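Enquirer: take a look and give me a structure for this.
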Amino acid sequence: MVGLLTGLGVGAGVLGLGVAAFEGLYRARDVRTIELVTRGRQPWEELAPRTGRRQFRVTLPFINRNQAFEQTLVDVRPSVRLLLRDGLTSRDARAGVVVRALTAEGRTDGYWAANLLGPGERCEAELLVEVEGPPEVLEQLHAAVVAVTYETYGRVDLQRFEAELVLPLAAVKPLPAPLVGEAVQLQCVPTPLLTDADDIAEVIDRHTASFRQPGDIVAVAESVVAITQRRYFRPAEVRPGFWARRLCFFVPSKGSLSSRHGFQVAMDEVGAFRMVAAFFLGAAGKLVGRKGVMYEVAGRPAELIDDLTGTMPPFDKYIVAGPAEPDQVVARIQARTGLAAAIVDANDLKRAMVLAVSPGLEAATVSRWLLDNPFGNAAEQTPIVVLRPRRAAEPAAAGSPHVQTRPA
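Expert: Next comes the predicted model:
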């Protein structure tokens, strides 16, 4: 009897070890799926316009990130919605979008045939957006947002994902008159709606080439730099954890960290331990009458987060983090344009925080010159400002020591 029980015990132990080993192998499996790559993509290409119609095309890669198993890209379904200028309605213009696989057997009717991708394999899809309307209306359109829903299938459950792409439609506004101050002249620079397909150094070079001079300084809004780096997130992409779901209730209303998603992005940016410690130290600071301790401890990345509504449409539906590696961005701008550069977070509350400046440029001086926020706080689409320090012999208009005139 003892031998039997011993044998049964050994057998159960071996079986348990086998089950544990099998479960370990299962949990260690590669569960990565197919990814639609939008960051670093090429910008939209506008095809030859026709009367009453504009067409745009972009190519997007799908990559099977799983290095062990094949997976199927079951379906790709794009949709599009227009952002219209004030005074326009959905009856004035309409848009549609089709998708096709760029393969030898790719269909042209917009139907996506299920595509099997081996480990690490990729396929490309072409999106074609067509906007129709009277010519005078097409000239006034602001942007289109293209949502791409796709499904993947394989050794895990059928999964559905969604990504969004922004298609700029508005023409660039004319260069406004410069703003003149006692110490500096400021030239606001209109641009098209910038997206993650744009390189900020190239954009600045292209839009300032006709008038910039040696000795000028170029300043760029930090939120636009972040957008070109794809530093924005749909709330559906953020998974708030234990602390974010609870601590957000104690953040003052209208703050960017007062939502659980915004707070989670802050935790992802600075680290969970540091953010939680910053919260409790901030609460302790308020008990003794000192405000702002949480952001002092958490650091600038937490302070730069803009929650929904914090930026202009269509990015008002995203959580926008601060720009990555701002010093390197400034260096690239200077190398491309030959001008000293700065990245600035300014608002209409007489606050201009300088994130990065070129060597030899005083951040305090740049901040003082931009206190009146020439970038604008609404939909001006002037994310670049060229500063031209005035020589002592130049006359200056009377008024504010910073910015004295603003064009209508």
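
Enquirer: isn't Pro116 right up against Val74?
Expert: Quick fix: residue 116 is Leu, not Pro. No: judged on CB atoms under 8 Å, Leu116 makes no contact with Val74 at a distance of 9.9 Å. For the C-beta atoms, the positions are set from N, CA and C on the backbone; glycine is no exception.

Enquirer: higher neighbour count, these two?
Expert: Val74 (19 against 14; other CB atoms under 10 Å).

Enquirer: name all residues that make contact with the more buried one.
Expert: Taking CB atoms under 8 Å, 6 or more residues apart in numbering, we find Val74 in contact with 114, 150-153, 158.

Enquirer: likewise for Val297?
Expert: Contacts of Val297 by CB under 8 Å, 6+ apart are 274, 277-278, 281-282.

Enquirer: now for the residues you listed: which two are most distant?
Expert: Maximum pairwise distance among the contacts of Val297 (CB to CB): 12.1 Å, between Arg274 and Gly282.

Enquirer: more neighbours, those two?
Expert: Just comparing Arg274 and Gly282: by other CB under 10 Å the higher neighbour count belongs to Gly282, 20 against 17.

Enquirer: so that one touches Met294, yeah?
Expert: Yes: Gly282 lies in contact with Met294 (CB under 8 Å); the separation is 2.8 Å.

Enquirer: rewinding a little: can you tell me which of the contacts of Val74 are classed as buried?
Expert: In the contacts of Val74, burial by neighbour count holds for 150-153, counting by 16 or more other CB atoms under 10 Å.

Enquirer: could I get these as TSV with distance to Phe315, secondary structure and pLDDT?
Expert: Compiled in TSV, the buried ones among the contacts of Val74 are given as follows (distance: CB to CB, whole Å; DSSP: H, G, I helix; E, B strand; the rest coil; pLDDT from 0 to 100):
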residue	distance to Phe315	secondary structure	pLDDT
Tyr150	22	strand	95
Glu151	26	strand	96
Thr152	27	strand	94
Tyr153	32	strand	92
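
Enquirer: which one of these is nearest Thr365?
Expert: The closest of the buried ones among the contacts of Val74, once distances to Thr365 are taken by CB to CB, is Tyr150, at 49.3 Å.

Enquirer: quick one: that closest one and Arg94, what's the gap?
Expert: Separation of Tyr150 from Arg94 (CB to CB, to the nearest Å) stands at 24 Å.

Enquirer: and what of Leu8?
Expert: Taking CB to CB, one finds Leu8 at 74 Å from Arg94.

Enquirer: try Leu193
Expert: The value you get for Leu193 to Arg94, if CB to CB is used, is 20 Å.

Enquirer: for the two, indicate the residue with more neighbours.
Expert: Neighbour count, other CB under 10 Å: between Leu193 and Arg94, Leu193 has more, with 23 against 12.

Enquirer: for that one, helix, strand, or coil?
Expert: coil (DSSP: H, G, I helix; E, B strand; the rest coil).

Enquirer: sorry, back to before: which ones among the contacts of Val297 lie within helices?
Expert: Counting by DSSP state H, the contacts of Val297 place 274, 277-278, 281-282 in helices.

Enquirer: which residues of the chain fall in helices?
Expert: In the chain, the segments counted as helices under DSSP H are 2-27, 135-138, 200-208, 222-228, 242-247, 260-270, 272-287, 293-298, 300-303, 326-337, 363-369.

Enquirer: other SSEs contacting the last one?
Expert: By that I understand helix 363-369. strand 340-347, strand 351-357 (3 or more CB pairs under 8 Å, 6 or more residues apart in numbering; DSSP states H and E).

Enquirer: just the CA trace of the longest one, in PDB.
Expert: Put plainly, it is strand 340-347. The C-alpha coordinates for strand 340-347 follow below in PDB (Å, rounded to 0.1, in the frame of the first residue of the first chain):
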ATOM      1  CA  ALA A 340      19.100  79.400 -33.600                       C
ATOM      2  CA  ALA A 341      15.900  77.600 -32.500                       C
ATOM      3  CA  ALA A 342      13.700  77.100 -29.500                       C
ATOM      4  CA  ILE A 343      10.700  74.900 -28.600                       C
ATOM      5  CA  VAL A 344       8.200  76.800 -26.500                       C
ATOM      6  CA  ASP A 345       5.000  76.000 -24.600                       C
ATOM      7  CA  ALA A 346       3.100  79.300 -24.600                       C
ATOM      8  CA  ASN A 347      -0.500  80.200 -23.700                       C
END
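
Enquirer: quick one: contacts of it?
Expert: Strand 340-347 is contacted from outside by 204, 216-223, 225, 304, 322-323, 326, 329-330, 333-334, 352-358, 360-361, 363, 366-367, 370-371, 373-375, 377, using CB under 8 Å, 6+ apart.

Enquirer: let's test this: mean pLDDT of it, rounded?
Expert: Per-residue pLDDT over strand 340-347 has a mean of 92.

Enquirer: what's the spacing between it and its chain's center?
Expert: 18 Å (CA atoms, centre = their mean, to the nearest Å).

Enquirer: wait, Tyr295 touches Pro301, no?
Expert: No: Tyr295 is beyond contact range of Pro301, at 9.9 Å (criterion: CB under 8 Å).

Enquirer: what's the end-to-end length of stretch 286-306?
Expert: 23 Å (CA to CA, to the nearest Å).

Enquirer: I meant to write stretch 205-212 there.
Expert: Stretch 205-212 end-to-end distance (CA to CA) = 9 Å.

Enquirer: rewinding a little: I'd like the ones in helices among the contacts of Val297 as TSV, with pLDDT and distance to Trp243 appended.
Expert: Shown next, in TSV, are the ones in helices among the contacts of Val297 (pLDDT from 0 to 100; distance: CB to CB, whole Å):
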residue	pLDDT	distance to Trp243
Arg274	95	12
Ala277	95	11
Ala278	95	11
Leu281	94	14
Gly282	93	14
